[in-house]
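Engineer: How does the following fold in three dimensions:
(6 chains)
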Protein chains: 4
Amino acid sequence: MNRSSTPSPERAVPPTPRGQRTRQRLLRAAETVFGEKGYEHASIADITREGGVALGTFYVYFPDKKSLFVEVVDGLGERLRRLIAESVEGLEDRLEVEREGLRAFFRFANEHRNLYRIVRQAEFVDEACYRRYYVTFARGYARGLKQAMAEGQVRRLDSETLAWCLMGIGDYLGMRWVLWEGEQGQEQVLDTAMDFIRHGMDDRPAVAEPDNKRRKPRSARAPRRDTR
Amino acid sequence: MNRSSTPSPERAVPPTPRGQRTRQRLLRAAETVFGEKGYEHASIADITREGGVALGTFYVYFPDKKSLFVEVVDGLGERLRRLIAESVEGLEDRLEVEREGLRAFFRFANEHRNLYRIVRQAEFVDEACYRRYYVTFARGYARGLKQAMAEGQVRRLDSETLAWCLMGIGDYLGMRWVLWEGEQGQEQVLDTAMDFIRHGMDDRPAVAEPDNKRRKPRSARAPRRDTR
Amino acid sequence: MNRSSTPSPERAVPPTPRGQRTRQRLLRAAETVFGEKGYEHASIADITREGGVALGTFYVYFPDKKSLFVEVVDGLGERLRRLIAESVEGLEDRLEVEREGLRAFFRFANEHRNLYRIVRQAEFVDEACYRRYYVTFARGYARGLKQAMAEGQVRRLDSETLAWCLMGIGDYLGMRWVLWEGEQGQEQVLDTAMDFIRHGMDDRPAVAEPDNKRRKPRSARAPRRDTR
Amino acid sequence: MNRSSTPSPERAVPPTPRGQRTRQRLLRAAETVFGEKGYEHASIADITREGGVALGTFYVYFPDKKSLFVEVVDGLGERLRRLIAESVEGLEDRLEVEREGLRAFFRFANEHRNLYRIVRQAEFVDEACYRRYYVTFARGYARGLKQAMAEGQVRRLDSETLAWCLMGIGDYLGMRWVLWEGEQGQEQVLDTAMDFIRHGMDDRPAVAEPDNKRRKPRSARAPRRDTR
DNA sequence: CATGAATGAGATTTCATTCAT
DNA sequence: AATGAATGAAATCTCATTCAT
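Structural biologist: So this is what the prediction gives:
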C-alpha cells in the first residue's frame, strides 16, 4: 500500500478519465511484459508497445520503470490475498480453509502464470516491496491460524512459523505442479499435501508419547500409494 | 526462450595449475558479485575486478557470462546437496534426518547469503539450470523419503509431493529466519517446524474421521465455480 | 547558429487584462527558473509550474522557449539600465556618477542574483540578444562619458574603450563581491575601485609627465618577440 | 588541479601509450566541440566523432561528460596562466607587465576563440570549476601586484580588488575587440586601456591633492542614502 | 596465459511542442 | 483562455564481447 523506498505520498492518479485509462493500460501491459521477459529484459519500449501508447507516455504516469514494477507487484499481492480471502469465506473448518486457500492460490498462479517470475524478480528491484509481498501475506495467514488455534481447531504451534511453513508448501507445489506441469495431477497433489498438513509425516504409533497430541490415525485412511 | 538448455557440454578445464587457479578465482568472484548485484547488474568487469584478473582473461576460461552463471548455480546446488548428505549421514531416525537436514540447510544459507538471490535469478538466465537445481534436489529427497516409508518410519504418502512440501518449508523458513532475521530464534523455529512436520496441524482426534476429510461447511457455499 | 536574430518581431501582447496577468506571471516565473536551473535545464513544465498555470498555457503567450528567454534577458537589461539611470540622475560630478552607478549595479545584482547566470546563458541561446545586452549598455555608457569629457570632467580617452573597461570592472567586482561574497566588505571594495578608476595605478608622480604616458623601460627590453 | 565536486583522487591516466593518445584526442576534440556548440548541445557522439573514436570509447577514459568538461576548463586556465606568465617574464616595469599580460591574453583568446564560451558555460556545469578558473587567476595576479606595490611601482591599493578590476578590463576588452571584432584596432584599444590603467580617468590636476584623493563634490551631496 | 583498449547496440529518461477539449 | 494528455526525437550511459599485443 505504501511506496516502499520512495516515500512520495500519493501515487499521482491522473485527474481525467482518459488519463486513468492510459495508466491502467500501462499497468496491465507491464504485468504481461514483466512476466514474459523479466524485469531486466522488459524495456519501457516493450511495455508501451504492448500498451499501445507512445514511449514518452510512460513517463507521464510513472517516474521510472521501478515504480511501475513495484506497483505491479503490490497489485498482484493484493489481488491474490483478496481472491484467497473470498475463496475461504464462510468455511468453518480450518483444514477446509487450508485446502480451499491452496486451491485458490493454484488457480491464481495458473491464471497469472507470471506471478512467480514477477515476485522473484522483485528481490533485485526493490527489496522492500519483495518482503512486503511475503510479510503482508504471512501476517494475515498467521492471524487466521491463531484464531483457529484459539477455537481449538488447530494444535497450538507458533502461528508465525506455521504460516511460513504453509506458505512454503503452497509456493513449491504451485511452482512444481501449476507452473511447470500445468494442472496435471493437481488434485491428487492437493490431497497428499492436505494429508501431510493434517497429520504430519510420522508413522510410528503416537501412543507411545504419553502426553502428546494424537494416535494411530494413519491406518484408517486410504494409504495413497506413490504416484508415478 | 533460452537456448543453452544443454548442461554445459564442454566445460573446458584448463590443463595448467595456474590456469586452474585463475578459473577458480573467477568462479568464486562470480558467486560474490552475482549475489551482491544480481545477474544483470553484475558486469564481467566487476567479476574480473573482484577476481583480480584482467577483463580479457575472463574469455579465456568461459565462453560467455551465462555459462559462468550456470556453473555457479550448479556448483552451489552440488555443494548444498553434499553438505546436507554429510550432515545426515549415519542418522537412522528419518525425523532426525529431517531436522539435521534443515539445520544444515540453514547453515549453508547463512554462509552463502547470496544463495537465494543467485538461484532465483537463474529463472531468468537459464530456465533449465533453474529447474535442475530444484529437480535434482527433489529427486534425492524423494528417494530418501521413499526408503523411509519402506522402512515404516514415515507414513505412506506420495514421496515426490512430500519432498516438495518439505523443500518449500525449508526454503521459506530459511528466507524468513536465516536470510532476513539472521540466526535470531532459529532453534525455536526449527522445533516448531519439526513438530508440524511430525504431527501436522490437526488437533482433533484423527480416529474420529472414518474416511472423509471435511464436514458441513461445504454444503452452504456455492459449489466452487469453475475458474475461467 | 541561431536563427531568430530579429529582436522579437511581434511580441503578441494579449488584449485582456487577465491575459496580461498570466503573461507577466510566466515572465516572472521564467526569470526565477532560468536563473536557478539555467536555460537548458529549465523546462517549460518547470516554468508553468512555478507560474501556477497549466503547461499548454505557455504556448498561448509565447511561440517557444527561446522567445521567452530573449524577452527575459531584454527585460533585465532594460530594468538594469533604468535603475542605474535613475540612481545617478542629478549627480554632476562624473566620478560620483561612476560610484553611484556601480553601487546601483551592485544593488540590482544582489536583488537579481540570477542576472549573471541568465545573461551568460544568453550567449548560447541567442547570440544577438546576448550582444544586445552589452552593446546597448555600452552605447549609453560611452555617451555619458563623452559628455563628461566635453565638460572637462574626465580625461580625453576613447570613450568606447573606457566604457568597456568600466563595465568590466563592475562586472567582475559584482561577481566576486556581490554574487559570491554577499555584501561582505562591498563598501571598501567600492572605495578601492573608485580610487583606481580615478587615478589609475601608477605611483610615480603624475606631474612629471607633461603629456606622455610612459618612460624608459620599453627600450631596455628585447622588442617583444613573436609568440609561437 | 583538484577535481572539484568529485573528489576522485586520481584522474585515471591510462597506462598504455595508446590509451594516452586516445585520451588526448578526446580532450582536444572536446575543446573544439564544446567551444562550437556549447556544453549542452555538444553530445558525446559529437565529441567522439570529432576525435575519431567510437562512442563507447569515451567512457573508457571519462566517467561522464561533466568530468571531461571540467578537465577542459582546468586545462584552459592552466595554459592561459602559463602563457601570460611566460609573456611577462623578465619585465621589470609593472605597467609593462600589465600591457604584455593583456596582449598575451588577447593572443590566447584569439587562438582559442572558444575560451569565453567554454568558461562561461562552466557556471552551469560545475560551479566549483568555474570559480576555480577565476580565483586561481586572481590569486596569482594579486600576488604580483602586491609585490609591485612593495617595490613602489604601484600605488598602494587593496591588491585583490585591483586584480579583479584588471581582470574585468581584460575580459571585457577581449570579448569586445578580440572575440567580436577580430584584431581590428586592438593596439589602439590597448593603448587607451593602459592609459586608463596608469592614470585613471580623472582629469583634474592630481598635484593639488597632497595625499588624499578627492575633493569637495562629496560634501554637496546627500550623504549617500541607504541602499534599499 | 594474460592483458586492456576499443566497439556499438541498446536501454532509460527528458522535454519542447501539438492538439482535442 | 486555459488545460493537460500524448508524442517521439535525441541524449547519456552501460557492457558483453572482440582482438591485437
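Engineer: what distance separates the worst-scoring helix or strand of chain A on mean pLDDT from the centre of its chain?
Structural biologist: Least confident helix or strand, chain A: helix A:115-125 with a mean of 89, by mean pLDDT, DSSP states H and E. Centroid separation between helix A:115-125 and its chain, computed with Cα atoms, centre = their mean, to the nearest Å, is 12 Å.
Engineer: between the following helix or strand past it and helix A:115-125, how many degrees?
Structural biologist: Sequence order places helix A:127-150 as the next helix or strand after helix A:115-125, per DSSP states H and E. Interaxial angle, helix A:127-150 versus helix A:115-125 (axes from the mean of the first three to the mean of the last three Cα atoms, to 10 degrees): 120 degrees.
Engineer: Counting by contacts, list what helix A:127-150 packs against.
Structural biologist: The contact analysis (3 or more Cβ pairs under 8 Å, 6 or more residues apart in numbering or on different chains; DSSP states H and E) places helix A:127-150 against helix A:65-88, helix A:94-111, helix A:115-125, helix A:159-173. Any C-beta I mention is one placed from the backbone N, CA and C, and that applies to glycine too.
Engineer: residues in contact with it?
Structural biologist: Under the contact criterion Cβ atoms under 8 Å, 6 or more residues apart in numbering or on different chains, helix A:127-150 has outside partners A:4-5, A:69-70, A:73-74, A:76-77, A:80-81, A:85, A:94, A:97, A:119, A:122-123, A:154-157, A:159-160, A:162-164, A:166-167, B:175-176, B:180.
Engineer: Could you give me the buried positions within that helix?
Structural biologist: Neighbour counts using 16 or more other Cβ atoms under 10 Å in any protein chain shown place A:129-134, A:137-138, A:141-142, A:144-146, A:148-149 of helix A:127-150 among the buried residues.
Engineer: Tell me which residue is most central in chain A.
Structural biologist: Nearest residue to the geometric centre of chain A (Cα atoms, centre = their mean): A:Leu80, 5.8 Å.
Engineer: tell me the contacts of it?
Structural biologist: Shown in contact with A:Leu80 (Cβ under 8 Å, 6+ apart): A:105, A:108, A:115, A:137.
Engineer: And the third one, how far from A:Met175?
Structural biologist: With distances taken as Cβ to Cβ, to the nearest Å, A:Leu115 is found 10 Å from A:Met175.
Engineer: Between the two, point out the one with more neighbours.
Structural biologist: Neighbours per residue (other Cβ atoms under 10 Å in any protein chain shown) separate A:Leu115 from A:Met175, with A:Leu115 holding more: 23 against 20.
Engineer: if you skip the residues just before and after it, what's nearest to the more buried one?
Structural biologist: Spatial nearest neighbour of A:Leu115, excluding adjacent residues (Cβ to Cβ, 6 or more residues apart in numbering or on different chains): A:Ala109 at 5.4 Å.
Engineer: Next, the contact list for that neighbour, please.
Structural biologist: Neighbour list for A:Ala109: A:115-116, A:174, A:178-179 [criterion: Cβ under 8 Å, 6+ apart].
Engineer: any residue of the least confident helix or strand of chain A up close to DNA strand F?
Structural biologist: No. Helix A:115-125 is not in contact with DNA strand F by Cβ under 7 Å from any atom of the strand; minimum separation 12.5 Å.
Engineer: now what about that helix, what contacts it?
Structural biologist: Residues outside helix A:115-125 that contact it (Cβ under 8 Å, 6+ apart) are A:31, A:34-35, A:38-40, A:66, A:69-70, A:72-73, A:76-77, A:80, A:108-109, A:129-130, A:133, A:174-175, A:179, B:38, B:40-41, B:116-117, B:120-121, B:123-124.
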